[in-house]
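Asker: following is a predicted model, sequence given first.
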Amino acid sequence: MKINVIGPGAMGIVLSYYLHEKNDVILTVKGEDKEFYKGGLTLVRNGETKNFSVAISDKIEEADITIVTVKSYDLLPVYHDPRLKGNVILIQNGLEHLDIERKGVNKIYAVTTWGARRLSKGVTELTGTGYFRLGGDGVNLDLKFLRESGINAEWTTNIVEELYRKAAINAVINPITSIFGVLNGSIVTESPLWEIASIAIAELDRLFTKMGYRLDIEKNVAETCRVTAENVSSMLQDLQTGRMTEIDSITGKILELGEKFKVEMIANRILYDSVKYLESRSKIHGRTNTSRSPGT
């Protein structure tokens, strides 16, 4: 099967590694990076270093499946590229991608607890595996290509609920770890942090219950913090390296839902404003985000 993976970030490299042995994988990158990535990629897994190569392109190629792994703030130019067609899997944090549509694209959402972190350009560490759930309206996708590659994927008819649950978990863990500069596990082991989390969770519960969803947010946040106790959240990684965060796609979209359904979100607003402030401090110190989406 011909698979186009768009974006050489942490998840893009992880998926390229797992899929490349049994499929024809093309990794789409920015034009100026094409020659660099042709030199090969590296995945660190369970302490072992795996060097591998896939085809590299600076434009979106025709494929049986396209997997878009770029950050949420880089998604729109990729999604509206006329070369993007057919079955397209979107793996982004937050809720931004729920609102975009385009003719010729069969939009499939993916929600996963697989964890990865970028060690350097072209080098990623797989920090954990978990579930990998996909779904989409009016789409029937055979997941054999993922399962045969070692990714235990499952199809769900409740993918929107899964997206809301993952966004709610991220809206608690990512801002708190980013503001206080702590690992995920600290949220459940440090009482002051759990008190903050509990207030945010209560607001999220009120919102999603009013929308008709029972997400068990407190249970899922606590479990995620324990399972990923030693992980550095993606948002904290972004702030540490001066990259733009995905706070707008996660908490920003949740605050919009709060306004729409008339649910007060004071704690979540404070978390949002605090992360935006930290982003602005990064800009003051000259660490601005100048990246472009790959393939555009």
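Answerer: Okay, I see it.
Asker: surely Asn51 is in a strand?
Answerer: Yes - residue state for Asn51 (DSSP: H, G, I helix; E, B strand; the rest coil) corresponds to a strand.
Asker: mind listing the helices for the stretch 51-200 of the chain?
Answerer: In the stretch 51-200 of the chain, the helices defined using DSSP state H, counting those that start in this stretch lie at 75-79, 144-147, 159-180, 186-189, 191-210.
Asker: residues of stretch 10-27 that come out buried?
Answerer: 10-20, 23, 25-27 (16 or more other C-beta atoms under 10 Å). All C-beta spots, glycine's among them, are computed from the backbone N, C-alpha and C.
Asker: of all those residues, which two lie farthest apart?
Answerer: Spatial extent of the buried residues of stretch 10-27 (C-beta to C-beta) is set by the pair Ala10 and Asn23 at 19.7 Å.
Asker: can you tell me which of the buried residues of stretch 10-27 are in strands?
Answerer: Among the buried residues of stretch 10-27, the members falling in strands (DSSP state E) are Val25, Ile26, Leu27.
Asker: next one, pLDDT for the first one please.
Answerer: Predicted confidence (pLDDT) for Val25: 98.
Asker: thinking it is in contact with Pro8, fair?
Answerer: No - contact criterion C-beta atoms under 8 Å: Val25 and Pro8 do not qualify, at 11.9 Å.
Asker: quick check: which ranges of this protein have low pLDDT?
Answerer: Residues of the chain meeting the criterion pLDDT under 70: 283-296.
Asker: contact partners of the longest strand along it?
Answerer: Ranked by residue count, the top strand of the chain under DSSP E comes out as strand 105-112. Here strand 105-112 makes contact (C-beta atoms under 8 Å, 6 or more residues apart in numbering) with 67, 79, 84-91, 97, 100-101, 130-136, 138-139, 141, 159-160, 162-163, 165-166.
Asker: that one: how far from the chain's middle?
Answerer: 12 Å (C-alpha atoms, centre = their mean, to the nearest Å).
Asker: likewise for stretch 198-215?
Answerer: 21 Å.
Asker: so which residues make contact with that stretch?
Answerer: 161, 164-165, 168, 171-172, 176, 217-218, 221, 254, 257-258, 261, 263-268, 271.
Asker: do that again at 7 Å, thanks
Answerer: Here stretch 198-215 makes contact (C-beta atoms under 7 Å, 6 or more residues apart in numbering) with 161, 164-165, 168, 171-172, 217-218, 221, 257-258, 261, 263, 265, 267-268, 271.
Asker: narrow those residues to those that are buried.
Answerer: 161, 164-165, 168, 171-172, 217-218, 221, 257-258, 263, 265, 267-268, 271.
Asker: what about Glu32, how many residues nearby?
Answerer: 9 (other C-beta atoms under 10 Å).
Asker: for it, give its distance to Asp58.
Answerer: As for Glu32, its distance to Asp58 is 8 Å (criterion: C-beta to C-beta, to the nearest Å).
Asker: what bridges to the residue lying closest to Glu101 once chain neighbours are set aside?
Answerer: Distances taken as C-beta to C-beta, 6 or more residues apart in numbering place Lys107 nearest to Glu101, at 7.2 Å, with adjacent residues excluded. With DSSP bridges as the criterion, Lys107 is bridged to Val88.
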